[in-house]
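Asks: Sequence and predicted model, in that order:
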Amino acid sequence: MKKGVLIINFYFVNHFPSMLMDILAIIVIGVLAYRIYKKQDEKPIKWKVFIVIIIGLFSFSITIPAFDTFVKIPILPLGVWILYFIYRNKVEKWAKYRRFAWLGFISNFIFLAAALLSFPLQNALYPENELSTYMASVKEAEIVSTHPSAKKVQLNKKSLESQLNTMRKDSIPSEEWYYNTVVNVEPEDRKERFPYQLTGTEMKWGSGTSAVIYVEEDGKGLLVWTPTKQLYYRADSSILEGGK
Amino acid sequence: MTKTTKLTVSIGVLIILMLVTYWYFPRTPVAFPSDKELIQTISATQTTVRVEEIQDKIRIDDKHFFVPFVSTTGDYGTSYWEWQNTKWKVLNIDNTGEPKVWRIDSKDPSTFRLVWNLHEDDQVAYMKLFLYRERNFHVTDGIEYYYPKLQMENKIETASVSYGSMKLTNEWVSVIDSLIKMDSAATPDLFGDFDLNRYMYFAWKPYEKSGIEARIEGTSNGFSFMNDDIELDFVRIMNDPDIESQ
């Protein structure tokens, strides 16, 4: 999950935490609009209020790095200025809509807060280091040989399912793996450390993420390549069967 | 408004509506053009390639056709056609037929087609198509990455006719699909284009009947004319030292 994206785009397809928080933000904005409406003696026209809030959202903002990601902070209330210009000769009308225009600008901060609050939710629902985030269902899983050094094997689904929660996360000695495979070995004798790919697994619902999963030659290691990192897990017994 | 003005206005609106419908609403494709019409369209589109004979019209789906041809200069060429609202349009014309991967829908590898038209003088009996990525590693901000080597291979008979079109195998589709999905989760830009070559590429090797590598003098170094948007991946010649475990 690339967190920066959550903040820059309000809407994130398939990503449950940001969708939920955006809906909450819209409800908060609605409640605030309703309270302003109640308090005002001079009632504005309702559909115009809606449009004024939307225009009020327009802002000039700067993007700064913070919290391991990028945060978009609204600076200049462009929408409010546009509305002020439109209503420049209608002082009484402007008095009716002014608060809603500013509410539109403030909504930027409400969405920002919602995006920030979606991170803890994200971490609680889809822990980055848990294999279950990337392998919620293995019903349709299959093994594909991605290198000629692979043997003719099948996936042992029972073995995979029973070990999903007990596999241990380990470090990735990438340099060592690479050089052990290529140094002093002629190309025709090279054996890939991860010659299989596990396909057809499903991510946890609403995580909005996706991963490419490679299987080690002994069938006991999984290399999970996600959009932000790689994770390596070891199992006690092989998830492959067959292959001589 | 008098009755006549009302009538004029309504007829005018009706005509505009009909024209809009005619131009903008996608309609089911009409029958694919005849050889003669195809040759005329190709000649009208560019000035370099002149077609002598249409070899075949290969239907890929309702809206896409692959048309191999022989040019007046004896080259074996390829052309790519798409139904666009009201007409069949040629997207690309090549006067040589080195293998290419036509990505009809670049997000869906099951729509990818390998297409080729190899010159008969080159005597290619079969070819091998590779799905390939070099082994690699790197460390960024303390996160270690190891990229396993990807080397998948598919043998394709090409002896009977010079041209062909082929779907990718299910295994290839699932491998490519997983890479596309991971890439779009990393950059959920709805308008962003997936750069396949960051993760893998296609390569090929031609062989003669005896099993030795074929020389492809008649098939390489062509002229390519792009007429409209098309996602056409070049398939490079596989580098021998890159092939492992042979």
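Replies: Nice, thanks for sending it over.
Asks: Tell me who's in contact with the residue positioned nearest the centre of chain B.
Replies: Central residue of chain B (C-alpha atoms, centre = their mean): residue B:102, 1.9 Å from the mean position. Contact analysis of residue B:102 by C-beta atoms under 8 Å, 6 or more residues apart in numbering or on different chains lists B:60, B:64, B:66, B:80, B:112, B:113, B:114, B:115, B:230, B:231, B:232, B:233. (Glycine included, C-beta is placed from N, CA and C.)
Asks: Give me the subset of those that lies in strands.
Replies: B:60, B:64, B:66, B:80, B:112, B:113, B:114, B:115, B:232, B:233 (DSSP state E).
Asks: ok, so of these, who is nearest chain A?
Replies: Closest approach to chain A among the ones in strands among the contacts of residue B:102 (C-beta to the nearest C-beta): residue B:112, at 16.4 Å.
Asks: number of nearby residues for the closest one?
Replies: 22 (other C-beta atoms under 10 Å in any protein chain shown).
Asks: wouldn't it be in contact with residue B:169 here?
Replies: No. Assessed by C-beta atoms under 8 Å, residue B:112 is found out of contact with residue B:169, at 11.0 Å.
Asks: Which pLDDT value belongs to residue 168?
Replies: With no chain named, the answer covers chain A. You'll see residue A:168 listed with a pLDDT of 93.
Asks: oops, chain B please
Replies: So residue B:168 comes in at 96 (pLDDT).
Asks: Surely residue A:228 is within a helix?
Replies: No. Residue A:228 is assigned coil when assessed by DSSP: H, G, I helix; E, B strand; the rest coil, not a helix.
Asks: That one contacts residue B:185, doesn't it?
Replies: No. Residue A:228 is beyond contact range of residue B:185, at 9.4 Å (criterion: C-beta under 8 Å).
Asks: more neighbours, the two?
Replies: Taking other C-beta under 10 Å, residue A:228 and residue B:185 do not tie; residue B:185 has more neighbours (22 against 13).
Asks: how far away is the spatially most distant residue from the centre of chain A from chain B?
Replies: Of all residues in chain A, residue A:89 has its C-alpha farthest from the mean position, at 46.3 Å, by C-alpha atoms, centre = their mean. From residue A:89 over to chain B the distance is 35 Å, taken as C-beta to the nearest C-beta, to the nearest Å.
Asks: The residue nearest to the centre of chain B - nearest residue in space that isn't next to it in sequence?
Replies: Nearest non-adjacent residue to residue B:102, counting by C-beta to C-beta, 6 or more residues apart in numbering or on different chains: residue B:113, 4.8 Å away.
Asks: Run through the bridge partners of that neighbour.
Replies: residue B:102, residue B:167 (DSSP bridges).
Asks: Rounded mean pLDDT for stretch B:231-246, please.
Replies: So the average pLDDT for stretch B:231-246 ends up being 86.
Asks: Export that stretch to PDB, keeping only CA atoms.
Replies: Below are the C-alpha coordinates for stretch B:231-246, written out as PDB (Å, rounded to 0.1, in the frame of the first residue of the first chain):
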ATOM      1  CA  GLU B 231      -0.200  -1.100 -28.000                       C
ATOM      2  CA  LEU B 232       2.200  -3.200 -30.000                       C
ATOM      3  CA  ASP B 233       5.200  -4.700 -28.100                       C
ATOM      4  CA  PHE B 234       8.400  -5.300 -29.900                       C
ATOM      5  CA  VAL B 235       9.600  -8.900 -29.300                       C
ATOM      6  CA  ARG B 236      13.400  -8.800 -29.100                       C
ATOM      7  CA  ILE B 237      15.700 -11.600 -30.200                       C
ATOM      8  CA  MET B 238      16.700 -13.700 -27.300                       C
ATOM      9  CA  ASN B 239      20.300 -13.300 -26.200                       C
ATOM     10  CA  ASP B 240      21.900 -16.800 -25.900                       C
ATOM     11  CA  PRO B 241      24.000 -16.100 -22.800                       C
ATOM     12  CA  ASP B 242      20.800 -15.100 -21.000                       C
ATOM     13  CA  ILE B 243      19.300 -18.500 -21.500                       C
ATOM     14  CA  GLU B 244      19.700 -20.700 -18.400                       C
ATOM     15  CA  SER B 245      19.400 -24.400 -17.800                       C
ATOM     16  CA  GLN B 246      19.300 -25.500 -21.400                       C
END
